[in-house]
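In: fold the following and give me the result.
(chains A and B)
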Amino acid sequence: AQSVTQLDSQVPVFEEAPVELRCNYSSSVSVYLFWYVQYPNQGLQLLLKYLSGSTLVKGINGFEAEFNKSQTSFHLRKPSVHISDTAEYFCAPSENTGNQFYFGTGTSLTVIP
Amino acid sequence: ETGVTQTPRHLVMGMTNKKSLKCEQHLGHNAMYWYKQSAKKPLELMFVYSLEERVENNSVPSRFSPECPNSSHLFLHLHTLQPEDSALYLCASSRSGGTQETQYFGPGTRLLVL
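Out: Model (predicted):
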């Protein structure tokens, strides 16, 4: 069984400040880990993903995430946010067996000018 | 046209109507998905098709009926829906049905059931 928790439903942050969006998951098997972003009135698009190898993953738009196996976390970070980063962010782990994808409830990031 | 397209973008229907949602992908992918997105709830995976065969059906009510005539097209046929079915319906595709694959999403169909 698999579950994913995004600990913060809403995160307001000032422009050019750093941000961290938290994601924890539980799984009895090995997982792949994804972060997707959804801009208003659009579908989701991939920010970054971890499949194997280096635990620090860099994605588009200056975002990065670190896989921590012992804490079963995959937190998303950006050192300096822009107004255009205002969007909904989804953490999505998937097990390396079967066909199931799991999505968190999302974190709404609002960048304040 | 590129990526994943969905039509219509908005749909209002009564509980006795029959309607269909259409999804088309122009990425040469072999797997396609239907998701339901409701406010404050996780994305719900409804159906998965891989090489035009359904491989996953997460206990979706029979009033939702998917159809995948080829690897580029996916439909969701709707019949006698309930108000709680109002949501954003997202289509996605990926290169294969493996869980390591990136999914590419369409913009969604916003459905309102009256």
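
In: and the pLDDT for the residue in chain A that chain B sits nearest to?
Out: Nearest to chain B, among the residues of chain A, is residue A:43, at 3.2 Å (Cβ to the nearest Cβ). For glycine as for every other residue, the C-beta is placed from the backbone atoms N, C-alpha and C. We have a pLDDT of 90 for residue A:43.

In: didn't it look like it was pressed against residue B:88?
Out: No. The criterion here is Cβ atoms under 8 Å, and residue A:43 misses it with residue B:88 at 9.1 Å.

In: give me the common contacts of those two.
Out: residue B:108 (Cβ atoms under 8 Å, 6 or more residues apart in numbering or on different chains).

In: so who does the residue of chain A closest to chain B touch?
Out: Residue A:43 is in contact with B:4, B:90, B:92, B:105, B:106, B:107, B:108, counting by Cβ under 8 Å, 6+ apart.

In: rerun that using 6 Å as the cut-off
Out: B:90, B:105, B:106, B:107, B:108 (Cβ atoms under 6 Å, 6 or more residues apart in numbering or on different chains).

In: closest to chain A out of those?
Out: The closest of the contacts of residue A:43 to chain A turns out to be residue B:105 (Cβ to the nearest Cβ; 3.2 Å).

In: was I right about the closest one contacting residue B:92?
Out: Yes. Between residue B:105 and residue B:92 there is a contact under Cβ atoms under 6 Å: 4.6 Å.

In: re the thing from before, what about chain A: which of the contacts of residue A:43 touch it?
Out: Filtering the contacts of residue A:43 for proximity to chain A by Cβ under 6 Å from any Cβ of the partner chain leaves B:90, B:105, B:106, B:107, B:108.

In: show me the residues you listed that map onto strands.
Out: Using DSSP state E, the subset of the ones next to chain A among the contacts of residue A:43 located in strands is B:90, B:105.

In: ok, is the lowest-mean-pLDDT helix or strand in chain B in contact with chain A or not?
Out: Each helix and strand of chain B was given a mean pLDDT (mean pLDDT, DSSP states H and E); the minimum falls on strand B:53-57 at a mean of 81. Yes. Shown here: strand B:53-57 in contact with chain A (Cβ under 6 Å from any Cβ) through B:55, B:56.

In: how big is the angle separating whichever helix or strand comes after that strand from strand B:53-57?
Out: Counting by DSSP states H and E, the next helix or strand C-terminal to strand B:53-57 is strand B:64-70. Put simply, strand B:64-70 runs at 150 degrees to strand B:53-57, going by axes from the mean of the first three to the mean of the last three Cα atoms, to 10 degrees.

In: what helices or strands is the helix or strand that strand B:64-70 is followed by leaning on?
Out: For strand B:64-70, the following helix or strand on the C-terminal side (DSSP H and E) is strand B:73-79. When contacts are defined as 3 or more Cβ pairs under 6 Å, 6 or more residues apart in numbering or on different chains; DSSP states H and E, strand B:73-79 sits against strand B:18-25, strand B:64-70.

In: chain A: which of these is closest?
Out: Closest to chain A of the helices and strands packed on strand B:73-79, according to Cβ to the nearest Cβ: strand B:18-25, at 10.5 Å.

In: since that was my last question, I'll sign off now.
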